[in-house]
Each structure stands twice: as C-alpha cells, then as structure tokens.
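Student: Provide a 3D model corresponding to the input given below.
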Amino acid sequence: MKITAALILSCIFLFLSGLHVYWGLGGKWAKDAAVPRNVNGAKRINPSAFACFIVAFLLLGAEFFVLVESRLLFFNWPGWLLHSGSWILIALFTARAIGEFRYVGFFKKVKASKFAYLDTKYYSPLCVLIAALLCCLEFLD
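Tutor: Prediction:
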C-alpha cells in the first residue's frame, strides 16, 4: 500500500509541477481557472513566471521527498527529517483544502467563479487526497 501511495503521489506532484512549468513558460491552458477571483471577477493574485517556477520546484521537492520516504529512492536523510517533513506536507495540504475562508478551500464564501467551482469539485478534494496519501506513507510500513 505504501508503494502504491508513493507512486500515486509521485504522479500527482510530477503532473502539477509540469503544469506550473508550462504556465511559467507562458502557457495559457487552464491558467485562468487556477487563480481565485473576487466577486467582481478580478484576479485575487496574478502569479509571475518566477512564482510558477518556484511552485514547480517545491512540487518536485515534494515528489523527491515522497520517493525517499517510501524508499523508492535512496537518500540518506535522518529519520526525524523524514517524519517532520511528512507532517509539514500533511499540514500544508490539509490547510489548503480547508482554505482561508474567503476565496479558497472547502469553506470559502465567494463561490460565483469558475475557480470556486473547480476548487470545490477538484482542487480541494485533490489536496485532501494528497494529505491522506501522505498519511499512508507516514503510518504504513
């Protein structure tokens, strides 16, 4: 089960990282639907290419971490670092799923945008799935 969880997470992180690289290079597909908007339809954030590359790098780092944690890739990290890293990632993706109570997450108040619809239907549930799979990595052996 741990290997399956790691492979699923690895595919998710690799896909999301590639998508952010695509956006960083100027790609337009799905970019509009990936940014929260206010009630007037204006973007809440306007991520730069550099920001897209930073997110892509962090997602690749999460993938690398998952592969090391699941022992699919050997890298001599101390056990406490793997354990702490797992909990940090679990907390981050759980917090993303819950959201900031206005524009992002399950408990958002602004729900009249394409982003809000996709966030409720896909983005936040994906974050819950990622957090659950990370829990599998942490607790299963």
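Student: ok, the residue in the chain sticking out farthest from the centre to Ala33 distance?
Tutor: Residue farthest from the centre of the chain, counting by C-alpha atoms, centre = their mean, is Asn40 at 26.6 Å. Shown here: Asn40 relative to Ala33, a distance of 17 Å by C-beta to C-beta, to the nearest Å. In this view, the C-beta of every residue, glycine as well, is placed from N, C-alpha and C.
Student: and Tyr122, by the same measure?
Tutor: From Tyr122 to Ala33 the distance is 10 Å (C-beta to C-beta).
Student: looking at those two, which is more packed in?
Tutor: Ala33 (15 against 11; other C-beta atoms under 10 Å).
Student: list the contacts of Trp29.
Tutor: Tyr22 (C-beta atoms under 8 Å, 6 or more residues apart in numbering).
Student: which SS class is Ala112?
Tutor: coil (DSSP: H, G, I helix; E, B strand; the rest coil).
Student: what's around the closest residue to it other than its chain neighbours, how many residues?
Tutor: What sits nearest to Ala112 in space, not counting adjacent residues and going by C-beta to C-beta, 6 or more residues apart in numbering, is Val39, at 6.8 Å. Per other C-beta under 10 Å, the neighbour tally for Val39 reads 11.
Student: repeat that for Arg102.
Tutor: 13.
Student: is Trp77 in a helix, a strand, or coil?
Tutor: coil.
Student: please apply the same query to Val39.
Tutor: coil.
Student: now the phi/psi pair for it, please.
Tutor: phi -70, psi -20 (degrees, to the nearest 10).
Student: quick one: it and Lys108 touch, right?
Tutor: No - applying C-beta atoms under 8 Å as the test, Val39 and Lys108 come out as separate, 11.7 Å apart.
Student: in stretch 131-141, what's buried?
Tutor: 131, 133-138 (16 or more other C-beta atoms under 10 Å).
Student: likewise stretch 44-61?
Tutor: 47, 52-53, 55-56, 59-60.
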